[in-house]
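[1] make a model of this:
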Amino acid sequence: MPDTASLLWGVLFGSIGLGYFIYGRKQQKPVPLVCGLLLMGYTFFVSDPWLTVAIGGALSALPVFIRL
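    Prediction:
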């Protein structure tokens, strides 16, 4: 059973992922599209809040540094 912190972080990073997914699909950019999909889905497999924040932060920052 996930705790409250994991659920809230999952909602936050899922929302960021949805924004990246919509942006990547409309602009036809693969990096935000893939990062958006990963951000929306990885929280189902990770239950540790610290690991959730680390992975979510890395995936959220990736499209900023990699411009394709």
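
[2] for the closest residue in space to Leu12 that isn't next to it in sequence, what is the enclosing helix or strand?
    Excluding the flanking residues, the one nearest Leu12 by C-beta to C-beta, 6 or more residues apart in numbering is Gly56, at 7.5 Å. For every residue, glycine as well, the C-beta is placed using N, CA and C. Gly56 is part of helix 49-65 when elements are defined by DSSP states H and E.

[3] list the buried ones in that helix?
    49, 52-53, 55-56, 59-60, 62-63 (16 or more other C-beta atoms under 10 Å).

[4] nearest to Leu33 among those residues?
    Nearest to Leu33 among the buried residues of helix 49-65: Pro63, at 9.2 Å, using C-beta to C-beta.

[5] is it true that the closest one touches Pro32?
    Yes. Between Pro63 and Pro32 there is a contact under C-beta atoms under 8 Å: 4.5 Å.

[6] identify the contacts common to those two.
    Residues touching both Pro63 and Pro32 (C-beta atoms under 8 Å, 6 or more residues apart in numbering): 20, 24.
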